[in-house]
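Asker: Predicted coordinates and the sequence they were generated for:
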Amino acid sequence: MPIKNRLAEMHDEITGWRRDIHQHPEILYDTHRTSALVAEKLNEFGCDEVVTGIGRTGVVGVIRGKSDTRGRVIGLRADMDALPMQEQTGLDYASEIPNAMHACGHDGHTAMVLGAAKYLAETRNFDGTAIVIFQPAEEGGNGAEAMCKDGLMDRFGIQEVYAMHNVPGVPTGQFAIRSGSLLAAADEFDIHLEGRGGHAAKPHQTIDTTVMLSQLIVALQTIVSRNADPILQAVLSVTSVETSSKAFNVIPQSARIRGTVRTHSNELRDLIEQRLKEVSEGTAATLGGSVNVTYSRGVPVTINAEAQTGYAAEAAVSVGGSCIEAPMVMGGEDFSFMLEERPGAFIVLGNGDSAGLHHPEYNFNDEIIPIGCSWFAEMVERRMPAA
């Protein structure tokens with residue numbers, strides 16, 4: 001079955017919703033306008049229940065099929081939040097909010113699940129219940145976790161959960177997925193080094209934190225190159241360095257190093273956290289200083305369940321004609337929290353030749369809207385066929 005005719009007819013309407021959301025981006029949990037728009041649309045569509053305030057500003061819609069003899073419940077998730085960056089697209093529907101931009105396509109994801117919701121509410125050609133989930137704070141706020149902690153899965157009886165993300169550089173409309181680990185766990189570290197500041201002309205009277213941080217940056221790279229199993233994938237990146245002095249003739253009293261760790265296994269995640277602390281403490285002690293290490297665990301590994309990956313791929317082939325194997329990547333995705341609670345799958349859809357995600361010139365490709373909508377609807381109709 002190709003793109004559903006009704007969704008092709010709704011293409012312009014859904015595009016209008018997407019561009020309206022794009023013009024009014026909201027950050028993290030402050031998705032008040034977007035959440036209200038989503039709830040308004042779901043009520044207009046005739047959803048059986050619309051619930052707001054799940055995970056602070058999340059919205060959930062309940063759509064019951066023509067029958068419910070099997071008692072099956074499928075969840076479809078979209079993310080609503082934007083990024084804190086200035087848009088540089090020059091579009092006539094560009095962001096009207098300074099330093100806020102939909103640079104990851106969440107406007108498109110929200111619009112596509114809204115489109116699927118309207119179609120499902122109109123047709124109800126399935127046996128079971130479809131739950132449409134609109135979450136805030138995917139970009140660093142763990143909104144999916146917040147919704148789960150608010151009882152999302154148990155409250156609505158969700159048995160399986162699915163989500164989609166667009167990918168620039170992949171041909172327009174091309175689906176890709178893989179079973180098992182797809183996206184990495186994403187952690188952060190913050191290392192505070194303390195020495196003894198002083199005059200740059202008298203280094204022997206100081207404990208130099210600039211030398212300490214320089215050696216530590218190099219030493220941290222050995223964790224991946226010499227401690228981690230080379231068969232496994234890991235990234236440790238130092239992304240920020242600061243000292244307590246900006247003067248050319250002062251050796252700073254303190255310094256700070258921050259960065260990120262990306263892994264695809266819990267065992268490697270544990271190892272890197274342990275070694276990062278050991279290497280930091282050892283380097284500081286060797287040079288006479290002290291250190292305080294904060295290691296913050298972010299989203300876990302995004303793991304697609306084997307059976308649900310197969311269902312998602314079958315729906316993708318039905319809608320788009322093909323579904324290729326996606327590579328493992330080191331980006332993180334908080335949908336992983338939902339996948340820890342219920343089996344499901346995360347699929348990607350080609351956005352074509354666009355600027356990359358999180359780039360100030362990125363824009364979601366409206367051509368893929370009916371394809372994505374059809375996949376979401378197909379997942380419901382395929383997993384819960386009408387009795």
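Answerer: Now that the structure is in, tell me what you want to look at. In this text, all values refer to a predicted model and were calculated from it rather than measured experimentally.
Asker: Would you mark the buried spots in the lengthiest helix in the chain?
Answerer: Within the chain, and with DSSP state H defining each element, the longest helix by residue count is helix 266-286. Of all the residues in helix 266-286, those buried under the rule 16 or more other CB atoms under 10 Å are L268, R269, L271, I272, E273, R275, L276, K277, V279, S280, T283, A284. (C-beta placed from N, C-alpha, C; glycine too.)
Asker: how many neighbours does N125 have?
Answerer: 15 (other CB atoms under 10 Å).
Asker: Could you report the distance from it to I3?
Answerer: Distance, N125 to I3, by CB to CB, to the nearest Å: 16 Å.
Asker: just to revisit the earlier point, closest to L76 out of the buried residues of helix 266-286?
Answerer: Set against L76, the nearest of these by CB to CB is R269 (28.9 Å).
Asker: nearest residue to that closest one other than its sequence neighbours?
Answerer: T263 (4.4 Å; CB to CB, 6 or more residues apart in numbering).
Asker: For the one you found, which residues count as its bridge partners?
Answerer: In this entry, T263 is beta-bridged to A185, A234, by DSSP bridges.
Asker: Please enumerate the strands of the stretch 101-250 of the chain.
Answerer: 129-135, 160-168, 175-177, 180-183, 185-194, 198-199, 234-243, 250-251 (DSSP state E, counting those that start in this stretch).
Asker: Check what pLDDT the nearest residue to M384 once chain neighbours are set aside gets.
Answerer: The shortest distance from M384 to any non-neighbouring residue, by CB to CB, 6+ apart, is to G128 (3.5 Å). pLDDT for G128: 98.
Asker: pLDDT weak spots in the stretch 101-250 of the chain?
Answerer: Applying pLDDT under 70 to the stretch 101-250 of the chain picks out no residues at all.
Asker: residue boundaries of the helices in the stretch 1-150 of the chain?
Answerer: For the stretch 1-150 of the chain, applying DSSP state H, counting those that start in this stretch gives helices covering 5-9, 11-23, 32-45, 106-123, 143-149.
Asker: Kindly compare burial across those helices and name the winner.
Answerer: Between those, helix 106-123 has the highest mean count of neighbours, a mean of 26, where neighbours are mean count of other CB atoms under 10 Å.
Asker: same for that one, what does it pack against?
Answerer: Here helix 106-123 touches helix 5-9, helix 11-23, helix 32-45, strand 58-64, strand 73-79, strand 129-135, strand 160-168, helix 369-383, going by 3 or more CB pairs under 8 Å, 6 or more residues apart in numbering; DSSP states H and E.
Asker: Mind checking the ones you listed for the one nearest to A121?
Answerer: helix 32-45 (4.2 Å).
Asker: just checking, what packs against that closest one?
Answerer: Helix 32-45 sits against helix 11-23, strand 49-54, strand 58-64, helix 106-123, strand 129-135, with contacts defined as 3+ CB pairs under 8 Å, 6+ apart.
Asker: what pLDDT, on average, does the shortest one get?
Answerer: This points to strand 49-54. 98.
Asker: Would you pull up how far that strand lies from the middle of the chain?
Answerer: Put simply, strand 49-54 sits 22 Å off its chain's centre (CA atoms, centre = their mean, to the nearest Å).
Asker: got it, and the first one?
Answerer: For helix 11-23, the distance between its averaged C-alpha position and the chain's averaged C-alpha position is 21 Å (CA atoms, centre = their mean).
Asker: Can you list the neighbours in contact with it?
Answerer: 7, 34, 37, 41, 80, 91, 93-96, 102, 107-108, 110-112, 114-115, 363-364, 366, 369-370, 373 (CB atoms under 8 Å, 6 or more residues apart in numbering).
Asker: what angle do it and helix 369-383 make?
Answerer: On the basis of axes from the mean of the first three to the mean of the last three CA atoms, to 10 degrees, helix 11-23 is oriented at 110 degrees to helix 369-383.
Asker: Now do helix 11-23, average pLDDT.
Answerer: Mean predicted lDDT for helix 11-23 stands at 98.
Asker: Pull the contacting residues for the residue lying closest to A200 once chain neighbours are set aside.
Answerer: Using CB to CB, 6+ apart and skipping the chain neighbours, the partner closest in space to A200 is N249 (4.6 Å). N249 makes contacts with H199, A200, A201, as judged by CB under 8 Å, 6+ apart.
Asker: out of the residues you listed, who's nearest G356?
Answerer: A200 (41.4 Å).
Asker: how about stretch 172-183 as CSV, C-alpha atoms only?
Answerer: Provided in CSV are the C-alpha atoms of stretch 172-183 (Å, rounded to 0.1, in the frame of the first residue of the first chain):
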residue,chain,number,x,y,z
THR,A,172,13.8,12.1,0.3
GLY,A,173,11.3,9.6,1.6
GLN,A,174,13.8,6.8,2.1
PHE,A,175,13.1,4.8,5.3
ALA,A,176,15.9,3.2,7.3
ILE,A,177,16.0,1.2,10.6
ARG,A,178,18.0,-1.4,12.4
SER,A,179,17.3,-3.8,15.2
GLY,A,180,19.1,-3.4,18.5
SER,A,181,21.3,-0.5,19.4
LEU,A,182,20.6,2.5,17.0
LEU,A,183,21.5,5.7,18.9
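Asker: ok, now how distant is the residue nearest to D190 when sequence neighbours are not counted from K41?
Answerer: In this structure, D190 finds its nearest non-sequential neighbour in T294, 4.4 Å apart by CB to CB, 6+ apart. For T294, the distance to K41 equals 42 Å [CB to CB].
Asker: got it, and G180?
Answerer: 35 Å.
Asker: Excluding chain neighbours, what is closest to L83?
Answerer: A103 (4.8 Å).
Asker: what's the distance between that neighbour and A82?
Answerer: 7 Å.
Asker: distance of the spatially most central residue of the chain from T34?
Answerer: Computing the C-alpha centroid of the chain and ranking residues by CA atoms, centre = their mean puts E333 first, at 3.0 Å. Applying CB to CB, the value for E333 to T34 is 19 Å.
Asker: Great, nothing more from me.
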